[in-house]
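A.B. asks: Sharing a model that was predicted from the sequence below.
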Amino acid sequence: MSAVAGIRPPSAPPVKLCYLDCFSGIAGDMLLGALVDAGLDLDTLRSELAKLHLDGLSVRAERVKRGGLAATKVHVETARDHSHRSLSTIERMLDGSDLDQDVRLASVRTFRRLGEVEALAHDVPVERVHFHEVGAMDSIADIVGSCAGLHALGVSQVLCSPINLGSGTVRAAHGTLPVPAPATARLVEGVPTYSAGPRAELTTPTGAALAVTLSESFGPPPPMRITASGYGAGTAEFPDRANLLRVLIGEAEEADSPPEQIWVLEANIDDMTPEMAGYALERLLEAGALDVTLAPVQMKKNRPGFAMTVLAAPQDRAALAELMFAETSTMGIRETPARRRALRRTWREVRTSYGTVRVKAAQSGGESMTFAPEYEDCRRRAREHGVPFRRVWDEANREFLRSEES
């Protein structure tokens, strides 16, 4: 990264936050409704979902009341759809869509998280997992619509409250199951949860997957200047509880993030090929690892090897550890809790002679700016124009500095 002292970014847009207040749980349609209630244009949502090229898919919004509070209920309407789509089928659908890259990647991450926990719950390889309720078009629309809605609202960081799971039992494709359902229980591992209110499923697997995949941390609302709020209604009505999800959208009040809890997963490996190690690194990052590093080490019997270090959010620790076992030859993983302090990041776009490139920037204490062009953007532009990567990278840096100084 480039660090330039003395540059003050008075024109830098503030970090836009979305806080998910799951006091009555969370479901995919509740998040969609809350975002529409908070200002997401319904026609924009429809346009985004049209990029999936799914015939017979439509959405409409209805004003309702839950527990005396006005809210928005979003209805996703489809032709009869009983498909049990596999994870690979859904990923191909998303790859073939016209969705923005950030929306597509967030949607893929959410579905992969679901696929991994379903595979663990049913003890089958992830490639053999076929989604039932989650594979239906309405659930696909819930996940993609929520990711697209947050993007359309300009949200760059999602945070979440402790999640109310509910209690009792729920009917599912595999019969009557305890609440939380097995997939939901695995999804929220490491996340603060509780059970209050009616004996019912308040948090669905789709809602849990969205919350744990998109949220950077869990706890009370962060310091923020609230600019909008919205309530998304669930289907059921309860006599003593408003069945709602609330979202608070606003601007971060602090330049720096408070320390957050993470886990450090480590393994020393001396019996894997470089190709296998590289593939494992890619899979871990795709699955939500905060960072993955490989460092050469000399191991017992003088064998050369490498140390793999994975940084994981608490809710991702179990899934990433399972993935390390699956994709590497290690037989043991060291897990250490740690605290991480990170600067709040914002994305800017700069125009270069090769096309638009995103630049990730972070302000530290209002005195300096740390920034770097996005690698994938520079890589794509370099290939498109047949020029060296460094040329695109250098021009993006120059254009960013010019925009800050003007």
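C.D. replies: Done, it's in. Everything numeric here is computed off the predicted structure, so don't read it as measured data.

A.B. asks: shaky segments in the stretch 51-200 of the chain?
C.D. replies: The model of the stretch 51-200 of the chain has pLDDT under 70 over residues 80-84, 125-135, 173-174.

A.B. asks: quick one, strands of it?
C.D. replies: 58-66, 69-77, 157-160, 163-164, 169-172, 175-178, 193-194 (DSSP state E, counting those that start in this stretch).

A.B. asks: now the ones you listed in TSV, with mean neighbour count and distance to residue 211?
C.D. replies: C-beta: built from backbone N, CA, C; applies to glycine. Listed next are the strands of the stretch 51-200 of the chain as TSV, based on neighbours: other CB atoms under 10 Å; distance: least, CB to CB, whole Å:
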stretch	mean neighbour count	distance to residue 211
strand 58-66	15	19
strand 69-77	19	17
strand 157-160	21	5
strand 163-164	24	6
strand 169-172	14	18
strand 175-178	11	19
strand 193-194	15	10
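
A.B. asks: and stretch 269-288, average pLDDT?
C.D. replies: For stretch 269-288, mean pLDDT is 92.

A.B. asks: hang on, the earlier thing: tabulate the strands of the stretch 51-200 of the chain in a markdown table, adding columns for distance to residue 341.
C.D. replies: Below are the strands of the stretch 51-200 of the chain laid out as a markdown table (distance: least, CB to CB, whole Å):
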| stretch | distance to residue 341 |
| --- | --- |
| strand 58-66 | 39 |
| strand 69-77 | 37 |
| strand 157-160 | 15 |
| strand 163-164 | 25 |
| strand 169-172 | 39 |
| strand 175-178 | 38 |
| strand 193-194 | 25 |
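
A.B. asks: can you point me to the longest helix in this structure?
C.D. replies: helix 101-122 (DSSP state H).

A.B. asks: hang on, the earlier thing: which among the strands of the stretch 51-200 of the chain is found nearest to residue 392?
C.D. replies: strand 157-160 (27.3 Å; CB to CB).

A.B. asks: What lies in contact with the closest one?
C.D. replies: If you take CB atoms under 8 Å, 6 or more residues apart in numbering as the criterion, strand 157-160 is touched by 15-20, 22, 150, 191, 211, 214-219, 221-222, 252, 344.

A.B. asks: Quick one: end-to-end distance for stretch 336-354.
C.D. replies: 44 Å (CA to CA, to the nearest Å).

A.B. asks: hmm, back to that, just the ones in strands from the contacts of strand 157-160, please.
C.D. replies: 16-20, 215-218, 252 (DSSP state E).

A.B. asks: Just give me the closest of those to residue 389.
C.D. replies: residue 216 (29.5 Å).

A.B. asks: For residue 162, grab the count of nearby residues.
C.D. replies: For residue 162, the count of nearby residues is 16 (other CB atoms under 10 Å).

A.B. asks: give me phi/psi at it?
C.D. replies: Backbone torsions of residue 162, given as degrees, to the nearest 10, read phi -50, psi 150.

A.B. asks: is it true that it touches residue 218?
C.D. replies: Yes. The pair residue 162 / residue 218 is scored as a contact, 6.3 Å apart, by CB atoms under 8 Å.

A.B. asks: and for these two, which residues touch both?
C.D. replies: 191-192.

A.B. asks: quick one on the thing from earlier: can you work out which other helices and strands pack against the longest helix of the chain?
C.D. replies: helix 87-95, helix 137-152, helix 182-187, helix 205-214, helix 274-286, helix 317-327 (3 or more CB pairs under 8 Å, 6 or more residues apart in numbering; DSSP states H and E).

A.B. asks: Need the ones you listed in TSV (columns: distance to residue 388 and mean neighbour count).
C.D. replies: As requested, the helices and strands packed on helix 101-122 are exported to TSV (distance: least, CB to CB, whole Å; neighbours: other CB atoms under 10 Å):
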stretch	distance to residue 388	mean neighbour count
helix 87-95	28	16
helix 137-152	31	25
helix 182-187	43	24
helix 205-214	36	28
helix 274-286	23	15
helix 317-327	33	19
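
A.B. asks: mind putting the ones you listed in TSV, distance to residue 383 included?
C.D. replies: Shown next, in TSV, are the helices and strands packed on helix 101-122 (distance: least, CB to CB, whole Å):
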stretch	distance to residue 383
helix 87-95	18
helix 137-152	25
helix 182-187	37
helix 205-214	29
helix 274-286	19
helix 317-327	27
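
A.B. asks: Between those helices, which one is closest to residue 376.
C.D. replies: helix 274-286 (12.1 Å).

A.B. asks: Now do the helices in the stretch 251-400 of the chain.
C.D. replies: Assigned by DSSP state H, counting those that start in this stretch, the stretch 251-400 of the chain shows helices spanning 274-286, 317-327, 375-385, 389-405.
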